[in-house]
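> make a model of this:
(one chain, ligands or ions: 1)
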Amino acid sequence: MAQEDVFKKIVAHCKEYGFVFPSSDIYDGLGAVYDYGQMGVELKNNIKQYWWQSMVLLHDNIVGIDSSIFMHPTIWKASGHVDAFNDPLIDNRDSKKRYRADVLIEDQIAKYDEKIQKEVEKARKRFGDSFDEAQYLATSKNVLEHAAKRDELHERYKKAMNDGNLEELRQIILDEGIVCPISGTKNWTDVRQFNLMFSTEMGSTSDGSMKVYLRPETAQGIFVNYLNVQKTGRMKLPFGIAQIGKAFRNEIVARQFIFRMREFEQMEMQFFIKPGTDMDWFKQWKATRLKWHLALGFGEQNYRYHDHEKLAHYAAAATDIEFLMPFGFKEVEGIHSRTNWDLSQHEKYSGKSIKYFDPESGESFTPHVIETSIGVDRMFLSVMCASYEEQQLENGETRTVLHLPAALAPVKLGILPLVKKDGLPELARQIQNDLKFHFNCQYDEKDTIGKRYRRQDAIGTPYCITVDYQSLEDGTVTLRNRDTMEQERVAIKELNNIIADKVTITSLLKTL
Ligand code: GAP
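Sure, this is the predicted structure:
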């Protein structure tokens, strides 16, 4: 099945099983805004808990905060967002569609890579077992031509972006013959900068209202509180502050479902360090964060680092952790070396000293910062994409199953009485009432047992128990494993011991 179709199926599955709904659905939705349903909110909460505990519980030098969405507007001037948080946009005059100029060019660069990949696949078929990919890449005339064009375009693009040269971006689009996917024409407007922050008014107009912004990142709430936390928490460098919260960006091109939203959630951690230790900590956090992703068991081949060439206005070095979505490798998390840029800016704009006093050296200085920043929604999407499978079974049937890591699954145990009579529902309810204090259980007595298994597979429930007549006699049930579909007979009183250990966030954290 084409990857595009797989993605459409995942989006449909998210809606059908209560994971994600378009926002304002009965009003035909609102662009790039989504609601999480009864299953989605559980999965999302588990992702957040996995992140929060890996930061705050496992590091005694990391603490959390919860700062407000509205902040003093000067914060966004100081942080550079008012002046520099822009995307270059371009319109196609025929289709009236708006695009990000940088994305159009990046897609074009990716096309050269796709061409190279096609050449490789053709050659692999031609040469069979004797094919040497490295040698082919280094010597094939066609490959070398595509690679040269890609590199030339890449250099030109990088320079235009770094120089903020909007005319050159437009010229690249024209020179590369990039057409609008809707109209198919090259009738492009000039490239303009577009600020991504949403704003609103605070206070009544008679008092003189103030323009405030909906925060485009949670990080600034950490920066402006760092000294409050440091002093009240008696924190010593190096230390970190973690936060989970909503962020808002008026994305020009909002597409790919919850990948690029206008209202989304971030999990950010700012790690305050001594100047000069930046690269060591940057490397360390890169490794720590990749390990966190890999612990979910989706396979190393699905992740890669992508070092930034065009750095954000605050960054000295930056890497993305990308995940292989059905639409290619995409950024899920960013790790940034932000130097002392933000703190220095806040000192300048607030006129207050927010220097750290080092009790060991007796010196005061502005700490440097390494940031890890991950989108909850993108993480959610990566988990859904990696877990979704339409599986062909030996008996010729297919089942749709979500192989969610047990610790993230919304429901941990499906409790299914074989029939709706003879005391089986009562015993099943009793088991539910015992286990519900330990993990999330779902009771289901409707339809055949096969249909009920399928429903639990579709929401990623790692275990199901069936309460049958034998259960009444000997106090045992069948325990079914979602992935292997194998069943074993276990004692009801052992269920908590068997399951709890495998489905908790703690079990996942222990693998880190
Ligand atoms: N404080 C740094 C910062 O905000 P960023 O790379 O702009 O850096 C960090 O964003 C993460 O937030 C991204 O890696 C992504 O996972 C998520 N994110 C950013 N924009 C998003 C959007 N429009 N929709 C969903 N997630 C987004």
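
> do you know how far residue 209 is from residue 200?
Remark: distance between residue 209 and residue 200 (Cβ to Cβ, to the nearest Å) = 9 Å. Just so you know, the C-beta spots here come from the backbone N, C-alpha and C atoms, and that holds for glycine as well.

> let me see the contact set for residue 116.
137, 143, 146, 147, 150 (Cβ atoms under 8 Å, 6 or more residues apart in numbering).

> and the residue of the chain that's closest to the ligand?
residue 375 (2.5 Å; Cβ to the nearest ligand atom).

> can you name the residues bridging to that residue?
Beta-bridge pairing of residue 375 under DSSP bridges involves residue 266.

> could you report the neighbour count for it?
Neighbour count for residue 375, taken as other Cβ atoms under 10 Å: 23.

> isn't it up against residue 268?
No - counting by Cβ atoms under 8 Å, residue 375 stays clear of residue 268, with 9.8 Å between them.

> which helix in this structure has the most residues?
helix 101-127 (DSSP state H).

> next, the buried residues of that one.
For helix 101-127, a neighbour-count test (16 or more other Cβ atoms under 10 Å) marks 101-105, 108, 111-112, 115-116, 119-120, 123 as buried.

> check stretch 150-166 too.
Taking 16+ other Cβ under 10 Å as the criterion, stretch 150-166 shows 150, 153, 156, 157, 160, 161, 166 as buried.

> next one: stretch 133-147
Result for stretch 133-147 [16+ other Cβ under 10 Å]: buried residues 140, 143, 146, 147.

> doesn't the last one belong to a helix?
Yes - according to DSSP: H, G, I helix; E, B strand; the rest coil, the state of residue 147 is that of a helix.

> ok, the nearest residue to it once chain neighbours are set aside to residue 123 distance?
Nearest residue to residue 147, sequence neighbours excluded (Cβ to Cβ, 6 or more residues apart in numbering): residue 116, at 6.4 Å. From residue 116 across to residue 123, the span is 11 Å (Cβ to Cβ).

> before we move on, the earlier item: want to throw the buried residues of stretch 150-166 into TSV with distance to residue 195, secondary structure and pLDDT?
Converted to TSV, the buried residues of stretch 150-166 look like this (distance: Cβ to Cβ, whole Å; DSSP: H, G, I helix; E, B strand; the rest coil; pLDDT from 0 to 100):
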residue	distance to residue 195	secondary structure	pLDDT
150	31	helix	94
153	27	helix	95
156	25	helix	95
157	22	helix	94
160	19	helix	93
161	17	helix	88
166	14	helix	95
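
> what sits up against the host helix or strand of residue 41?
Residue 41 belongs to helix 38-52 when elements are defined using DSSP states H and E. Residues from elsewhere that reach helix 38-52, judged by Cβ under 8 Å, 6+ apart: 14, 17-20, 36, 64, 242, 244, 265, 267, 292, 374, 376, 379-380, 383, 404, 407-411, 440, 459-460, 505, 508-509.

> now, which of those residues lie within strands?
20, 36, 64, 242, 244, 265, 267, 374 (DSSP state E).

> which of those sits closest to residue 303?
residue 374 (12.7 Å; Cβ to Cβ).

> show the subsequent helix or strand relative to the longest helix of the chain.
Later in the chain than helix 101-127, the nearest helix or strand by DSSP H and E is helix 133-139.

> can you give me the pLDDT of residue 456?
In this prediction, residue 456 carries a pLDDT score of 98.

> in contact with the residue of the chain closest to the ligand, which residues?
Neighbouring residues of residue 375 by Cβ under 8 Å, 6+ apart: 264, 265, 266, 267, 332, 333.

> can we see that at 7 Å?
Counting by Cβ atoms under 7 Å, 6 or more residues apart in numbering, residue 375 makes contact with 264, 266, 332.

> just those that are near the ligand?
Within the set of these, contact with the ligand (Cβ under 6 Å from any ligand atom) is found for 264, 266, 332.

> got TSV for the residues you listed, with pLDDT too?
Below are these laid out as TSV (pLDDT from 0 to 100):
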residue	pLDDT
264	98
266	98
332	98
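
> for those residues, give me a markdown table that also has distance to residue 68.
Formatted as a markdown table, those follow (distance: Cβ to Cβ, whole Å):
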| residue | distance to residue 68 |
| --- | --- |
| 264 | 17 |
| 266 | 14 |
| 332 | 26 |
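
> go through these and name the one nearest residue 227.
Looking at these and their distance to residue 227, the nearest is residue 266, at 21.9 Å (Cβ to Cβ).

> and for that closest one, the neighbour number?
Residue 266, neighbours per other Cβ under 10 Å, totals 22.

> contacting residues around it?
Residue 266 neighbours (Cβ under 7 Å, 6+ apart): 217, 218, 245, 247, 373, 375, 376.

> and it, how far is that from residue 334?
10 Å.

> can you pull the residues that touch both of these two?
By Cβ under 7 Å, 6+ apart, the residues touching both residue 266 and residue 334 are residue 373.

> how many neighbours does residue 15 have?
Using other Cβ under 10 Å, residue 15 has 15 other residues around it.

> what's the closest non-adjacent residue to it?
residue 21 (5.9 Å).

> next, count neighbours for the one you found.
What residue 21 shows, counting by other Cβ under 10 Å, is a neighbour count of 15.

> partners of the host helix or strand of residue 247 in the sheet?
Using DSSP H and E, residue 247 sits in strand 239-248. Strand 239-248 has the following sheet partners, assigned by DSSP bridges: strand 62-64 (parallel), strand 263-273 (antiparallel).
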